[in-house]
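Visitor: Just the structure for this:
(chains A and B)
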Amino acid sequence: MSMIFGVPLAVLSGQLLIGVINGAFYALLSLGLAVIFGLLKIINFAHGAMYMLGAMATVILFDALGVNYWVALFLAPLLVGGFGVLIEYFLLRRIAGQDHIYSLLLTFGAALLIGGVLTNIYGVSGLRYSMPDLFKGGINLGFMFLPYYRAWVIVIALVVCLGTWFMIEKTKLGAYLRAGTEDSQLMQGFGINVPLLISLTYGFGVMLAAFAGVLAAPIYSVTPVMGSHILITVFAVVVIGGMGSIGGAIITGIMMGVIEGLTKTFYPPASSAVIFLVMVVVLMFRPAGLFGKEA
Amino acid sequence: MTMMKKLLTSAVASAMLVGSAQAEISNDTVKIGYLADMSGTYRDLAGPNGQKALEMAIADFGGTVNGAKIEIVSADDRNSADVASSTVRRWVENENVDLVAGLVASSVSIAVSDILEENDRLGIISGSAASSITNEHCTPNHIHYVYDTYPLANGTASAVVKEGGKTWYILTADYAFGHALEGDVTRVVEANGGEIIGKLRHPFPTPDFSSFILQAQASGADVVALANAGADTTNAINTASEFGVTQSGQTLAALLLFLTDVHALGVEAAQGIQLTTGWYWDMNDETRAWSDRFLEETGARPTMVHAGIYSSAMQYLKAVDATGSDDAQTVRKQMMDTPINDMFAKNGRIRVDGRMVHDMFLAEVKTPDESKGEWDLYKILRTIPADEAYRPLSESKCPLVTSK
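Guide: From the prediction side, this is the model:
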């Protein structure tokens, strides 16, 4: 068997594929963050909590009402997104125009509150969620065993990412969004309801996080603390990609998944730190991130 | 002159005796501080329900001991040795806490036992795993009650090797507890004729195990062993089940698994996994009766840690009652002199190094067909006798043992 740095090629190919799958997750999560920051200038520290809420909602909807995975894929993000709109309307709107740090602290506080309440109700051991029957099992690719579900995650995550990018960058709605956040008075003069647009944008970013949560529910332990672990990594991805850059978030997300996967193969203990190392290096040479515009 | 001297000495001596007899239970209160992770990774296996177990023990004891009232204070250690140290310092220096109970993360337990030794108070550790707590870190002021990494390795690893699992791949959580467990497992596997063909240290915590499971799968080892705990273990087991590790002929060995973890995983994903436990709620009528009460109080079945907290608090209160004292050394000696026979342990005893030794059990997670309810999770395969389970005193590095 051919080897690369002492690792069999087959093993390495498997790791690369796994890296792309995890990267798709990062892309989906960082995309939501980038949308919220890019259009609303809100540093959304509640993003991990929204991801967690998406996963929790999937499990709770199933346990309480028997809602299946396919319905949850739409329903859970809608519910959590609605909750996001409420947060925007009742809380974030009060601090609009203030320094970024206010939105950071407010959303961080909200995340702690949501996590704390759910921990008291559900504990931390994790809720059980069975994989949909359609996705049980997997296929032997020769170099690795690929569970069907992971293949589905990568496809659906990429579809959603590209759809979002297209909507914001290429459609009229996206143009309104971008214009509304550039000069809201002018847009209001054109008769466009900018506050509503802002609420919906925040809600949409939150929906993306919740959607990633639904995708995560069958494969990870669903617990009230699951969001806090991933949040910092995703923030690093967004910083590397360039705060607010939609395309940057997607590309960097996948790239970081692959880099992390390779680290897990060659030197596992560094795998949780490697993304931050990349972040430091990138910021040294490109302070605005790989795809960010210099201020 | 000698007469005078004798008189004086005896007067002083009797005055001291009277004095100590009056001040035997300080402030007429036995105060127990419950310190545990109340909100993080280890919340469910100890946490608020452990406090409930402690309260059950005090209520069953009658609420008072030797005429003194029993009080509880509690705090969240947030799994931080710093937070735990400052809390315990405040408790013993300003709030007259006599006993610190709970104690889950090993780093917390080791930090706290140093402070207890400085102030000569007592601690009973019920949640921590590191066997070093009664080895190189032993003190005359703490007792390690429920289990440690030594029997975890002895029980599970030796059973799995004997069943034919000769080659091992170990996934280790990259911190003190994981390293200790990995070391103990390596020793047991090699002693039984097995071989470690690969190991991998993963960061703590790791949300995604797919990459590590793939590497373990590619190694072709008979056994994939998990030397980690809590969410890391459940995530690893979930991923192993998704990637068909057991279907491809490998055995999964979880070296530390709590009832709450298995409950969270469900029998579908966890079936067939062998584990070592200090106690199981459904072992006999006595354990069931107590667990039914616990279920009523908390809505959940107790882990071995919950049961151990109850049992150790009882043992402590009995010792305070028998000696009429809350002095740490007096009580500890009485606890060591009294064998433990209750719903938690039969003929358990506390050794000079502070290790409570009792029978441990090798269990296997039931299949979905065998399990009759959400908490009907284990089959007990074998009892590991106390003497076989724990590190013998002859191998101990504890100064309390070696100086004897």
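Visitor: quick one: the helices in chain A?
Guide: Assigned by DSSP state H, chain A shows helices spanning A:9-40, A:47-65, A:69-90, A:100-122, A:148-170, A:172-182, A:184-189, A:194-216, A:226-241, A:246-266, A:274-285.
Visitor: Help me confirm that A:Glu169 comes into contact with A:Ile246.
Guide: Yes: applying Cβ atoms under 8 Å as the test, A:Glu169 and A:Ile246 come out as touching, 6.6 Å apart. In short, each C-beta sits where N, CA and C put it, glycine included.
Visitor: what about the two, which has more around it?
Guide: A:Ile246 (23 against 12; other Cβ atoms under 10 Å in any protein chain shown).
Visitor: what's the spacing between that one and A:Ala209?
Guide: Applying Cβ to Cβ, to the nearest Å, the value for A:Ile246 to A:Ala209 is 15 Å.
Visitor: Ok, A:Val238 next?
Guide: A:Val238 sits 12 Å away from A:Ala209, taking Cβ to Cβ as the criterion.
Visitor: hmm, who's touching stretch B:193-202?
Guide: The contact list for stretch B:193-202 (Cβ atoms under 8 Å, 6 or more residues apart in numbering or on different chains) reads A:264, A:268-269, A:271, B:157, B:161, B:165-174, B:178, B:182, B:186, B:189-190, B:209, B:212, B:215-216, B:219, B:221, B:223, B:228, B:232.
Visitor: how about B:Ala75, secondary structure?
Guide: At B:Ala75 the chain is in strand, as set by DSSP: H, G, I helix; E, B strand; the rest coil.
Visitor: Let me see the backbone angles for the residue lying closest to it once chain neighbours are set aside.
Guide: Nearest residue to B:Ala75, sequence neighbours excluded (Cβ to Cβ, 6 or more residues apart in numbering or on different chains): B:Thr87, at 4.8 Å. Backbone torsions for B:Thr87, taken as degrees, to the nearest 10, come to phi -60, psi -50.
Visitor: Which neighbours in the sheet does the helix-or-strand element of chain A with minimal mean pLDDT have, and how are they oriented?
Guide: Using mean pLDDT, DSSP states H and E, the weakest-scoring helix or strand in chain A turns out to be strand A:3-4, at a mean of 73. Here strand A:3-4 has these sheet partners by DSSP bridges: strand A:7-8 (antiparallel).
Visitor: Mind checking the pLDDT average for the strand it pairs with?
Guide: For strand A:7-8, mean pLDDT rounds to 76.
Visitor: Quick one: neighbours of B:Lys162, just the number.
Guide: 11.
Visitor: Please name the residues that touch it.
Guide: Here B:Lys162 is in contact with B:Asn192 (Cβ under 8 Å, 6+ apart).
Visitor: Okay, now the unreliable bits of the stretch 1-150 of chain B?
Guide: Where the stretch 1-150 of chain B drops to pLDDT under 70, the residues are B:1-23.
Visitor: got a list of what the closest residue to chain A within it touches?
Guide: Proximity of the stretch 1-150 of chain B to chain A (Cβ to the nearest Cβ) peaks at B:Asp44, 4.4 Å away. By Cβ under 8 Å, 6+ apart, B:Asp44 lies in contact with A:123-125, B:258, B:260, B:300, B:303.
Visitor: switch to 7 Å and redo it
Guide: A:123-125, B:260 (Cβ atoms under 7 Å, 6 or more residues apart in numbering or on different chains).
Visitor: what does A:Leu61 give?
Guide: By Cβ under 7 Å, 6+ apart, A:Leu61 lies in contact with A:67, A:72, A:75-76.
Visitor: let's see it at 10 Å
Guide: Taking Cβ atoms under 10 Å, 6 or more residues apart in numbering or on different chains as the criterion, A:Leu61 is in contact with A:67-69, A:71-72, A:75-76, A:79, A:214.
Visitor: May I ask which of these has the most neighbours?
Guide: If you count neighbours using other Cβ under 10 Å, the busiest of those is A:Ala76, which has 28 neighbours.
Visitor: Can you give me the neighbour number for the nearest residue to that residue once chain neighbours are set aside?
Guide: Nearest non-adjacent residue to A:Ala76, counting by Cβ to Cβ, 6+ apart: A:Ala57, 4.1 Å away. A:Ala57 is flanked by 24 other residues according to other Cβ under 10 Å.
Visitor: What's the separation between A:Ala57 and B:Glu268?
Guide: 22 Å.
Visitor: And the helices in the stretch 251-400 of chain B?
Guide: With DSSP state H, counting those that start in this stretch as the criterion, the stretch 251-400 of chain B has helices at B:259-270, B:285-298, B:304-323, B:328-337, B:386-389, B:399-402.
Visitor: Can you lay out those as CSV showing mean neighbour count, mean pLDDT and distance to chain A?
Guide: Listed next are the helices of the stretch 251-400 of chain B as CSV, based on neighbours: other Cβ atoms under 10 Å in any protein chain shown; pLDDT from 0 to 100; distance: least, Cβ to the nearest Cβ, whole Å:
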stretch, mean neighbour count, mean pLDDT, distance to chain A
helix B:259-270, 23, 92, 4
helix B:285-298, 15, 97, 11
helix B:304-323, 25, 97, 13
helix B:328-337, 18, 97, 32
helix B:386-389, 16, 92, 26
helix B:399-402, 14, 92, 33
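Visitor: Contacts only, for residue 113.
Guide: Unless you meant another one, I'm taking chain A. A:Leu113 is in contact with A:46, A:49, counting by Cβ under 10 Å, 6+ apart.
Visitor: that answer is for a different chain, and I need it for chain B
Guide: Contacts of B:Ser113 by Cβ under 10 Å, 6+ apart are B:88, B:100, B:103, B:122-123, B:125, B:128, B:133-134, B:137-144, B:354.
Visitor: residue boundaries of the strands in the stretch 1-150 of chain B?
Guide: Secondary structure of the stretch 1-150 of chain B (DSSP state E, counting those that start in this stretch): strands located at B:29-36, B:64-65, B:68-76, B:99-102, B:122-125, B:142-144.
Visitor: In this structure A:Met52 contacts A:Thr223, no?
Guide: Yes: using Cβ atoms under 10 Å, A:Met52 and A:Thr223 qualify as a contacting pair, with a distance of 7.7 Å.
Visitor: which one of the helices of the stretch 251-400 of chain B lies closest to B:Leu377?
Guide: When the helices of the stretch 251-400 of chain B are compared by Cβ to Cβ, helix B:259-270 sits nearest B:Leu377, at 5.0 Å.
Visitor: quick one: which of the helices of chain A is nearest B:Pro205?
Guide: Closest to B:Pro205 of those is helix A:226-241 (Cβ to Cβ; 6.2 Å).
Visitor: now for the closest one, which elements pack on it?
Guide: Applying 3 or more Cβ pairs under 10 Å, 6 or more residues apart in numbering or on different chains; DSSP states H and E, one finds that helix A:226-241 makes contact with helix A:9-40, helix A:47-65, helix A:100-122, helix A:194-216, helix A:246-266, helix A:274-285, helix B:230-242.
Visitor: List the buried residues of it.
Guide: In terms of neighbour count (16 or more other Cβ atoms under 10 Å in any protein chain shown), helix A:226-241 has its buried residues at A:226-231, A:233-241.
Visitor: Kindly report the same for stretch A:206-221.
Guide: Of the residues in stretch A:206-221, those buried by neighbour count under the rule 16+ other Cβ under 10 Å are A:206-221.
Visitor: Is there any residue in it that contacts chain B?
Guide: Yes: using Cβ under 10 Å from any Cβ of the partner chain, stretch A:206-221 reaches chain B at A:216, A:218-221.
Visitor: could you redo these as TSV and give each row pLDDT and distance to B:Asp114?
Guide: Compiled in TSV, the residues of stretch A:206-221 next to chain B are given as follows (pLDDT from 0 to 100; distance: Cβ to Cβ, whole Å):
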residue	pLDDT	distance to B:Asp114
A:Ala216	94	41
A:Pro218	92	45
A:Ile219	90	42
A:Tyr220	88	37
A:Ser221	86	34
